[in-house]
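J.: okay, sequence plus prediction incoming.
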Amino acid sequence: MDAPTRDLNLNGPAGLEPIARPTREEAMAAVRTLIAWAGDDPRREGVIDTPKRVVDAYADWFEGYGADPAKELSRTFEDVQGYDDIVMLREIEVESHCEHHMAPFLGKAYVAYMPTNRVVGISKLARVVEIYAKRLQTQETMTQQIADAITDSLRPAGVAVLIDAQHQCMTTRGVHHRHVSTITTQFTGVFKTDNSLRQRFLDFVNKR
């Protein structure tokens, strides 16, 4: 069954007409074109089912476009028995694709917030990371989006996000530098203004 039509112009310039989502068969035809462009024959036995597999993989890799981070963070709890310190998740798996080459970048995210009068289930923080990761991204943008989503939904005293990832657009093409990771951070509220609190977050990141 084809995926429902939706507005693909999520981050494009204002004023452009929305783009209807292609059908599954149109997507598979595009993969066949790429196989032929690469120099192979899409009718060859070894790759004849590749378009189907690629489209299925894309449905998994980019499912974040159909999910809403605000909805994930909408159910909160106010009974925290006076807890007023850091809530942090360490080493959340990041599996994303860069928007420039559509190559994977893989790593870990560290997310913390300082609650005011409500908290959210910890799995929801991991889900927010996953939603933004399963879109075409830059690591810088994704880091900001995660911080903004938590800030907008929970209204905490502050948010801290750190992502450490390796980009295959750098390791498997171009400069071919392996074992190089990219670190991005975003601090808001008390994590930005309180050096000791920010350092506690970084110490937790580095804890082994």
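T.: Perfect, thanks for sending it. Numbering: from 1, shown residues only.

J.: let me see the contact set for residue 28.
T.: Contact analysis of residue 28 by Cβ atoms under 8 Å, 6 or more residues apart in numbering lists 51, 52, 54, 55. Glycine gets a C-beta too; all of them are placed from N, C-alpha and C.

J.: next one: residue 95
T.: 61, 104, 106, 133, 134.

J.: and if we set it to 7 Å?
T.: Under the criterion of Cβ atoms under 7 Å, 6 or more residues apart in numbering, the contact list for residue 95 reads 104, 106, 133.

J.: can you get me a residue count around the nearest residue to residue 158 once chain neighbours are set aside?
T.: For residue 158, ignoring the flanking residues on the chain, the nearest one in space by Cβ to Cβ, 6 or more residues apart in numbering is residue 189 at 2.9 Å. The local packing of residue 189 (other Cβ atoms under 10 Å) involves 19 other residues.

J.: same check on the one 3 residues further on?
T.: Each residue near residue 192 was counted by other Cβ under 10 Å, and the total is 14.

J.: the one 3 residues further on too?
T.: By the criterion of other Cβ under 10 Å, residue 195 has 9 neighbours.

J.: looking at it now. What's its pLDDT?
T.: pLDDT, residue 195: 97.

J.: how near is it to residue 172?
T.: Between residue 195 and residue 172 the computed distance is 39 Å (Cβ to Cβ, to the nearest Å).

J.: ok, now residue 145?
T.: Note on residue 145: its distance to residue 172, by Cβ to Cβ, is 26 Å.

J.: repeat that for residue 138.
T.: Separation of residue 138 from residue 172 (Cβ to Cβ) stands at 18 Å.

J.: now do residue 203
T.: Using Cβ to Cβ, we find residue 203 at a distance of 34 Å from residue 172.

J.: hmm, back to that, widest-spaced pair of the contacts of residue 28?
T.: Within the contacts of residue 28, two members stand farthest from each other by Cβ to Cβ: 52 and 54, at 7.4 Å.

J.: if you count surrounding residues, which of those two has more?
T.: Residue environment comparison for residue 52 versus residue 54 gives the larger neighbour count to residue 54, 19 against 13, counting by other Cβ under 10 Å.

J.: which non-adjacent residue is nearest that one?
T.: Leaving aside its sequence neighbours, residue 54 sits nearest to residue 31 (Cβ to Cβ, 6+ apart; 4.7 Å).

J.: okay, and the one you found sits in which element?
T.: Following DSSP states H and E, one finds residue 31 within helix 24-38.

J.: which residues touch the most centrally placed residue in the chain?
T.: When the chain is reduced to its mean C-alpha position, the nearest residue by Cα atoms, centre = their mean turns out to be residue 133, at 1.5 Å. Applying Cβ under 7 Å, 6+ apart, we find residue 133 in contact with 64, 94, 95, 96, 142.

J.: in strands, which of those appear?
T.: Counting by DSSP state E, the part of the contacts of residue 133 found in strands is 94, 95, 96.
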